[in-house]
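**Student:** after the sequence you'll find the predicted model.
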Amino acid sequence: MSEYVLFKHLIDPEVRELAHYVKLGGYEGLKKALGMEPVEVVEEVKKSNLRGRGGAGFPCGLKWSFMPKDDRQKYFVCNADEGEPGTFKDRYIMSDNPHQLIEGMVIGGFAMGATIGYVYIRGEFQFVADQLQKAVDEAYEAGYLGKNILGSGFDFDLYLHMGAGAYICGEETGLIQSLEGHTGQPRLKPPFPAQVGVFGKPTTVNNVETIACVPDIIRKGANWFLTIGPERNNGTKIYAVSGHVNNPGVFELPMGTSLREIIFEHAGGILDGKKVKAIIPGGSSAPVLGPEHLDVAMDFDSLKEVGSMLGSGAIIVMHEDTCIVEVFARLAEFYAHESCGQCTPCREGTPWMAKIIRNIENGDGREGDIELLYDICEKIIGRTICPL
Ligand SMILES: Cc1cc2nc3c(=O)[nH]c(=O)nc-3n(C[C@H](O)[C@H](O)[C@H](O)COP(=O)(O)O)c2cc1C
Ligand code: SF4
């Protein structure tokens, strides 16, 4: 990569310190935003084609424009739950380049009229939370957070909130429930968080990676962002690669880099020179691809065309010795365990699916099991509160 948008610690390993971040142009985007009208900031983010990196790829600027313009208290929430199996990208932004997330939060708060922000962090990320808190304290001291930021008259407070390890608290309304102190169980939509969110007030939830793109978009302009990646899928993407590769890790690359290039050039190819059997391209919720899809461009639209999804950009690679039935059994057990239990089809259906697949894996499969699995799927889909 000639230009890192998010992984600036690869340019300067000390960028987590405020002075180093500022040297690389840090907080210039905030200064520029504070001199603009809030609606102009939203328009610039819209123009950049920045799409949500939390899973669904929803346009960020459009989401920001849904926030009401009245004088109610508004909240901007950063989703740092990072619970999707295979995903390990947001933690690096928070621990190694935390000021970029903080700057993005303040810019977003200003654009949407939100004066309070929360970062909802996965419970297991204590070390990451400590790094981020240190940066938050530094930002308060330097006047980038708190009252009258940089003399603009705009106030913004940022709080960190630790989760307690439930996957479902990554779903935005489950997250909001948890943030309010309730059991983390998703809410029916509508009403959407932009109308009724945290403490019943207008709220926007965005993923860490989405928010961390914003400072450079404002500083360098949306047109610069549009030069990276394919049309409608602009910017860089952090791909987290795990499984049967020689060099697992996180790689910031232009959106739309091919799966083949990511696996064979960046992740070092397949262990022991074996053949690829299957790839999950976007975290465990994304439909599985086969080796015939290695040339797919890793972006929202291209993956949709081949029947999968970019999701969180977590790539799980499985080679020829992998038992796919075992993988499915393991994943089905995960989802059964993480069902929050509110909806009967999900609460009852996910353990049944796990049980049937485990039976097949154990050699106790029966005629009709596959049809039964499809039948359960059809009875769950569209009949639940959330898409778990
Ligand atoms: C079951 C489930 C789990 C989710 N987990 C996460 C998560 O860990 N992190 C995340 O950013 N988004 C997660 N999401 C997506 C969020 O609900 C939400 O769409 C996202 O935070 C919006 O941010 P974005 O627009 O920037 O992508 C999850 C969604 C579902 C249905
Ligand atoms: S679909 Fe499952 S996880 Fe989602 S709200 Fe219903 S029971 Fe909870």
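**Tutor:** All right, it came through fine. Residues are numbered from 1 along each chain as shown. Ligands and ions are numbered 1, 2, ... in the order given.
**Student:** check contacts around Val128.
**Tutor:** Contacts for Val128 (Cβ atoms under 8 Å, 6 or more residues apart in numbering) come out as Ala80, Arg91, Met94, Ser95, Ile121. Quick note: C-beta positions are derived from backbone N, CA and C, even for glycine.
**Student:** how about 6 Å then?
**Tutor:** Arg91, Met94, Ser95 (Cβ atoms under 6 Å, 6 or more residues apart in numbering).
**Student:** tell me if the last one really is in a strand.
**Tutor:** Yep, that's Ser95 we're talking about. No: Ser95 is assigned helix when assessed by DSSP: H, G, I helix; E, B strand; the rest coil, not a strand.
**Student:** tell me the pLDDT at it?
**Tutor:** If you check Ser95, the pLDDT there is 97.
**Student:** kindly indicate which of the contacts of Val128 lies nearest Ile316.
**Tutor:** Arg91 (17.1 Å; Cβ to Cβ).
**Student:** since we're on that closest one, how many residues are nearby?
**Tutor:** Counted with other Cβ atoms under 10 Å, the neighbours of Arg91 add up to 23.
**Student:** mind giving me the domain split of the protein?
**Tutor:** The record's domain parsing of the chain by automatic domain parsing lists 8-226, 238-319, 327-380.
**Student:** adding distance to Leu388, write those domains out as JSON lines.
**Tutor:** As requested, the domains of the chain are exported to JSON lines (distance: least, Cβ to Cβ, whole Å):
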{"stretch": "domain 8-226", "distance to Leu388": "6"}
{"stretch": "domain 238-319", "distance to Leu388": "8"}
{"stretch": "domain 327-380", "distance to Leu388": "6"}
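**Student:** now render the ones you listed as CSV, adding distance to ligand 2.
**Tutor:** Below are those laid out as CSV (distance: least, Cβ to the nearest ligand atom, whole Å):
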stretch, distance to ligand 2
domain 8-226, 4
domain 238-319, 12
domain 327-380, 3
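**Student:** closest to Cys386 out of these?
**Tutor:** domain 8-226 (3.9 Å).
**Student:** for Cys377, grab the count of nearby residues.
**Tutor:** Residues contacting Cys377 under the criterion other Cβ under 10 Å number 12.
**Student:** just the element for it, please.
**Tutor:** helix 369-380 (DSSP states H and E).
**Student:** and that helix, how far from the chain's centre?
**Tutor:** Relative to its chain's centre, helix 369-380 lies at 29 Å (Cα atoms, centre = their mean, to the nearest Å).
**Student:** buried stuff in that helix?
**Tutor:** Leu373, Ile376, Ile380 (16 or more other Cβ atoms under 10 Å).
**Student:** which of the residues you listed sits closest to Pro191?
**Tutor:** Ile380 (23.9 Å).
**Student:** distance check, that closest one against Ala166.
**Tutor:** Distance, Ile380 to Ala166, using Cβ to Cβ, to the nearest Å: 19 Å.
**Student:** ok, Val198 next?
**Tutor:** 18 Å.
**Student:** also Gly61?
**Tutor:** Gly61 sits 30 Å away from Ala166, going by Cβ to Cβ.
**Student:** equivalent analysis for Cys78, please.
**Tutor:** Distance of Cys78 to Ala166, computed by Cβ to Cβ: 18 Å.
**Student:** report the contact partners of Pro193.
**Tutor:** Thr203, Val205.
**Student:** so it, which of the three states?
**Tutor:** Per three-state DSSP, the local secondary structure of Pro193 is coil.
**Student:** give me the pLDDT for it.
**Tutor:** Reading off the confidence values, Pro193 has pLDDT 98.
**Student:** could I get the full set of helices for the stretch 101-250 of the chain?
**Tutor:** 126-141, 172-179, 208-220, 222-226 (DSSP state H, counting those that start in this stretch).
**Student:** can you redo these as TSV with mean pLDDT and distance to Phe328?
**Tutor:** As requested, those are exported to TSV (pLDDT from 0 to 100; distance: least, Cβ to Cβ, whole Å):
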stretch	mean pLDDT	distance to Phe328
helix 126-141	97	31
helix 172-179	98	24
helix 208-220	98	28
helix 222-226	97	38
